[in-house]
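Undergrad: The following block contains a protein sequence and its predicted model.
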Amino acid sequence: MAQDMHTELHASALLRWPESITNLEEKQAVARRVLERVADGQLIGIGSGSSTYLVLWEIGRRVREEGLEVQVVCSSIETETAALTLGLRTRPLGSAEPDWGVDGADEVDPDGRLIKGRGGAMFKEKLLWSTTREMLLAVDRSKFVDALGRGFPVPVEVHRDGVMLAGRELVRLGARDVALRNAGGKDGPVITEAGNLVLDAWFDSVAVGLSREIKAVPGVIETGLFEGFAFTAL
C-alpha cells in the first residue's frame, strides 16, 4: 500500500513532493485520522510540510469520491498548487476563518512549543494559525523532543534590508550560530513565501518568550518558533 501511495503521490509534476517522505506509513495513518474531520461545506486551513501534504492528498481524494463541497486556505505555494491540482477550491489566506486546520512541525516540546519553517512560510503559517478556529497538528513520533533546538535551528524571516542587524541581534540574544539560508534549486538565498530572507539561528537553549524577543528586532518579519498556540496533536 505504501508503494502504491508513493507512486500516486509522484504521478503529477505539479503534485509531486520534492523529496522522499520519511516515516511514510506513520504519516499516512495520521492523515487518515485527520480525514475523519472532513465534512461537507467546511473551510479547511492547510499548512506546510510532508504530513500536511499527505492530508491534503487524502482530502482531495475524498472530495472527488463523495462530491463534497469543501474549500481550503493554504499557507504555502506548494500546498496551494497541490490543492488546485487535486481540484479543490481555494480561498485567499486571511480572507476567512477556517473551521479547522492542519499543519505539521519540525519539533514539538513537552510544553507545546513548536519549531517550524523549513518551507520558508513562517509569516503565512502564523497568519493561518492565528485565523483558524481549531488547529490539528499532524506529526509522527519523531517530532516530539525533550527540548527545542537540538535538531533544528530557529528560523527567522527577515526583510532583506534587516539581515545584518538581525544577525547581530540574534547573537546578542544567545544564538551560537546564525546563517543565511541558501536555496537548493537556485543560486543565492531562499526567498520566503512573503518575499523575505531566512536566517537560521542555533541556540543551545530555546528560552520561553524567545520568539517575542526576536520579533522586537527591526527588520524581523516572523519566526518559526510557535509559542502560545493551542492545537490538538494527532
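TA: Received it, and whenever you're ready, just let me know what you need.

Undergrad: where in this protein is pLDDT low?
TA: For the chain, the stretches with pLDDT under 70 are 1-19.

Undergrad: can you map out the helices along it?
TA: Along the chain, counting by DSSP state H, helices occupy 2-9, 24-35, 50-66, 77-85, 122-131, 163-172, 210-215.

Undergrad: Dump the third one to PDB, restricted to CA.
TA: The reference is to helix 50-66. Provided in PDB are the C-alpha atoms of helix 50-66 (Å, rounded to 0.1, in the frame of the first residue of the first chain):
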ATOM      1  CA  SER A  50       5.000  16.500   4.100                       C
ATOM      2  CA  SER A  51       2.500  15.400   6.700                       C
ATOM      3  CA  THR A  52       0.100  18.200   5.700                       C
ATOM      4  CA  TYR A  53       0.700  17.300   2.000                       C
ATOM      5  CA  LEU A  54      -0.500  13.800   2.700                       C
ATOM      6  CA  VAL A  55      -3.600  15.100   4.500                       C
ATOM      7  CA  LEU A  56      -4.300  17.400   1.600                       C
ATOM      8  CA  TRP A  57      -4.000  14.500  -0.900                       C
ATOM      9  CA  GLU A  58      -6.400  12.400   1.200                       C
ATOM     10  CA  ILE A  59      -8.900  15.300   1.400                       C
ATOM     11  CA  GLY A  60      -8.700  15.700  -2.400                       C
ATOM     12  CA  ARG A  61      -9.500  12.100  -2.900                       C
ATOM     13  CA  ARG A  62     -12.400  12.100  -0.500                       C
ATOM     14  CA  VAL A  63     -13.900  15.200  -2.100                       C
ATOM     15  CA  ARG A  64     -13.700  13.600  -5.600                       C
ATOM     16  CA  GLU A  65     -15.200  10.300  -4.400                       C
ATOM     17  CA  GLU A  66     -18.000  11.800  -2.400                       C
END
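
Undergrad: Count the neighbours of the closest residue to residue 77 other than its chain neighbours for me.
TA: Among residues not flanking residue 77 along the chain, residue 193 sits closest, at 6.2 Å (Cβ to Cβ, 6 or more residues apart in numbering). Quick note: C-beta positions are derived from backbone N, CA and C, even for glycine. When neighbours are defined as other Cβ atoms under 10 Å, residue 193 has 21 of them.
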